[in-house]
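**Student:** build me a model from this:
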Amino acid sequence: MSAAALLTAAALVLAGCTVPTAEGVDGRTGENFQVREPAGPALVLDSTDPAELALTASQAFFHASPVAVLASADDDDARSTAAATGAAVTAPVLLTDGGVSDSNVVAELSRLGVSSVVVIGDDEAVAEAGAATGDADVVGFDPGALSAAAEAAASAGRAASGGDKKKGEAKVEMPTADRLDATSVDGLRADIPDVADPVLLQEVLVAVDPKLGQEAAIGTALAAGAVPVEVPGGSVAGSPETVETIRTLKPLGVVGIGGGFGSADALGWQVGVATSGATLPNGSLRLFPGRYVSTSYAVPAGETDPAADAARAVDAASINGEVLGGTPLVTVLASLRSTEAGEDGDYVAEQPLETITPAVEAIRDAGQLVLLDIAPGNQPLVAQVDDLVPLLSRPGVGLSVHPEFRIAGNGADAGAVPVAELQAVVDRLAEIATSEGLPQVMLEVHQSTAASVVDREALQVPPQVAVVFTAAGPAAGQATTGGVWADVAGDLPAHTFLGWSAPSEVPADPTSIMPTEPLLGLVSAG
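**Tutor:** Numbering: from 1, shown residues only. Next up is the predicted model:
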């Protein structure tokens, strides 16, 4: 994305919301000092260009500042020092020589009301930065101010990068103020406006998986008062330590710096579920990696005692889980196919919530996952989801669908659904998970042919949902045939998993009959 496009996008994000600010007053000049809470509960700054990333961080975190720090995007040492300097003197950090022009930098200095620019580098660096400093006073600050320990850490990070080819992959140390020589910082403070006791952000986290090039943006976040939390690989839900930290801090907002965090919605969900305390039965927030094993016996909705029926299914799933090496899972029939149109004309007999709820509760109380199985009629698959929200709002309860049994109507031919129809189900489950603070929700899609979801490869799967395409067996208790497996397993949409139907008679060594490529996420065992 170009610098102009990035600036426009950032302006739209920030201008579209009421952004509260925390104000302080410069003790010597009386200039306003303001930080801003980024719009919405979550925001992701993901530019891969260090200068663009630094600029959007300044726009996101600062409304005004009498001081800004400036360094060259091409100088690793200068970037690291600049980031720590911004944190030390409570100032945003900007970069030159990258994807942002000098005029863009000057415009940002003007927006902030900057009167003094701290330029990182020697006299030559200060002179080269002249065009980007505008009318502000310029104060030079040499990279030698980086403490010996910090320089060693920075050098180690550059060595780990293996050169420019892998530069973006190298981890860097958090650019905190204590990385600078304290005496040098005291000298710098004497040369710039004295920001007396600025009011900083409260209860805002900045989630980082620090990489080379992100230092300036992280330094700006720290300067504004955001609390840093390191998130390995950008996955909040994948790190128990990170989840516990967020659960303890209970932030009001979070900003992710770096492309590894995905969309703002995805990051917001991860933080929301970490804060809610809801988990899957095994204590995790994500379903995969792992394997789940169900019994081919689905809990009938019409039983006199659905809880007792569910208990029998729980026992069967536990046995299958031990034999096939996976976490037990039970299917509950939430609707049945009907030969009659019924009052709503959809050829589906939905089961009352009061009938299936005792079964769901019994399965969850036993520490097992639940899939609510819905039969397709002539309406879009998502039509039945809203009625099931009271159950889908519980952690560990997912959905199972059968597109190949779809009756023609409402944009679908008999025996297949367009990918948009399945996408609507995925998106609705993601909305429920986000709004209810739920861990990842499973959606199982039964298929005897990949063609039962038209244009299946176009499915977009958000992190809130784990989609499993289960290659169906020809009949209950029979294993998936090789042809069906090859068809369903081929050209899977990104971020999806595979399921397979096992036979009733499982050999002592089940690995001898189960496919190994691609890896199985779910086994339906008879």
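**Student:** so, low pLDDT: which residues of this structure?
**Tutor:** 1-33, 38-40, 143-171, 195-197, 301-303, 526 (pLDDT under 70).
**Student:** ok, now with 80
**Tutor:** Within the chain, the ranges that satisfy pLDDT under 80 run 1-33, 36-41, 143-172, 194-199, 237-241, 296-297, 300-304, 341-346, 476-477, 525-526.
**Student:** who's in contact with A451?
**Tutor:** When contacts are counted by Cβ atoms under 8 Å, 6 or more residues apart in numbering, A451 touches A416. Where C-beta positions appear, they are placed from N, C-alpha and C, glycine not excepted.
**Student:** confirm that it sits in a strand.
**Tutor:** No: using DSSP: H, G, I helix; E, B strand; the rest coil, the assignment for A451 is helix, not a strand.
**Student:** ok, it to D509 distance?
**Tutor:** 34 Å (Cβ to Cβ, to the nearest Å).
**Student:** just G253 next, same as before
**Tutor:** 52 Å.
**Student:** who's more crowded, the two?
**Tutor:** Using other Cβ atoms under 10 Å, the more surrounded residue of G253 and D509 is G253, with 20 against 8.
**Student:** how much space between the closest residue in space to that one that isn't next to it in sequence and G262?
**Tutor:** Residue nearest to G253 in three dimensions, not counting chain neighbours: V204, with 4.8 Å by Cβ to Cβ, 6 or more residues apart in numbering. Taking Cβ to Cβ as the measure, V204 falls 19 Å from G262.
**Student:** more neighbours: the two, which one.
**Tutor:** V204 (24 against 17).
**Student:** hang on, isn't that one packed against V255?
**Tutor:** Yes: if you go by Cβ atoms under 8 Å, V204 and V255 touch, sitting 7.1 Å apart.
**Student:** wait, isn't L287 in contact with M442?
**Tutor:** Yes: in this structure L287 lies within contact range of M442 using Cβ under 8 Å: 5.7 Å.
**Student:** find residues that contact each of these two.
**Tutor:** Common neighbours of L287 and M442 (Cβ under 8 Å, 6+ apart) are A466.
**Student:** can you show me the strands along the stretch 401-526 of the chain?
**Tutor:** Assigned by DSSP state E, counting those that start in this stretch, the strands in the stretch 401-526 of the chain fall at 417-418, 441-447, 453-454, 465-471, 496-502, 520-525.
**Student:** could you dump those into TSV and include distance to L353 and mean neighbour count?
**Tutor:** Formatted as TSV, those follow (distance: least, Cβ to Cβ, whole Å; neighbours: other Cβ atoms under 10 Å):
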stretch	distance to L353	mean neighbour count
strand 417-418	25	23
strand 441-447	18	23
strand 453-454	28	21
strand 465-471	22	24
strand 496-502	26	23
strand 520-525	25	26
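**Student:** okay, those in JSON lines with distance to V323 next?
**Tutor:** Shown next, in JSON lines, are the strands of the stretch 401-526 of the chain (distance: least, Cβ to Cβ, whole Å):
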{"stretch": "strand 417-418", "distance to V323": "34"}
{"stretch": "strand 441-447", "distance to V323": "20"}
{"stretch": "strand 453-454", "distance to V323": "31"}
{"stretch": "strand 465-471", "distance to V323": "18"}
{"stretch": "strand 496-502", "distance to V323": "9"}
{"stretch": "strand 520-525", "distance to V323": "7"}
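**Student:** just so I know, which of those lies nearest D186?
**Tutor:** Nearest of the strands of the stretch 401-526 of the chain to D186, taken as Cβ to Cβ: strand 465-471 at 52.6 Å.
**Student:** tell me the angle the closest one makes with strand 496-502.
**Tutor:** 40 degrees (axes from the mean of the first three to the mean of the last three Cα atoms, to 10 degrees).
**Student:** so which of the strands of the stretch 401-526 of the chain is nearest A64?
**Tutor:** Comparing these under Cβ to Cβ, the one sitting nearest is strand 465-471, at 41.3 Å.
**Student:** the closest one pairs with which strands, and in what direction?
**Tutor:** With DSSP bridges as the test, strand 465-471 is paired with strand 441-447 (parallel), strand 496-502 (parallel).
**Student:** next, the angle from the last one to strand 520-525.
**Tutor:** Interaxial angle, strand 496-502 versus strand 520-525 (the same axes, to 10 degrees): 30 degrees.
**Student:** mind listing the strands for the stretch 251-400 of the chain?
**Tutor:** Using DSSP E, counting those that start in this stretch, strands in the stretch 251-400 of the chain cover 253-257, 292-295, 327-333, 335-337, 348-350, 369-373, 397-401.
**Student:** could those strands go into CSV alongside distance to V89?
**Tutor:** What follows is the strands of the stretch 251-400 of the chain, written out as CSV (distance: least, Cβ to Cβ, whole Å):
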stretch, distance to V89
strand 253-257, 20
strand 292-295, 53
strand 327-333, 52
strand 335-337, 63
strand 348-350, 63
strand 369-373, 52
strand 397-401, 50
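**Student:** so which of these gets nearest T275?
**Tutor:** strand 253-257 (9.7 Å).
**Student:** contacting residues around V93?
**Tutor:** 54, 57-58, 68-71, 82-83, 85-86, 216-217, 219-220, 223.
**Student:** my bad, S296
**Tutor:** Applying Cβ under 8 Å, 6+ apart to S296 gives the contacts 476-477, 501, 504, 524-526.
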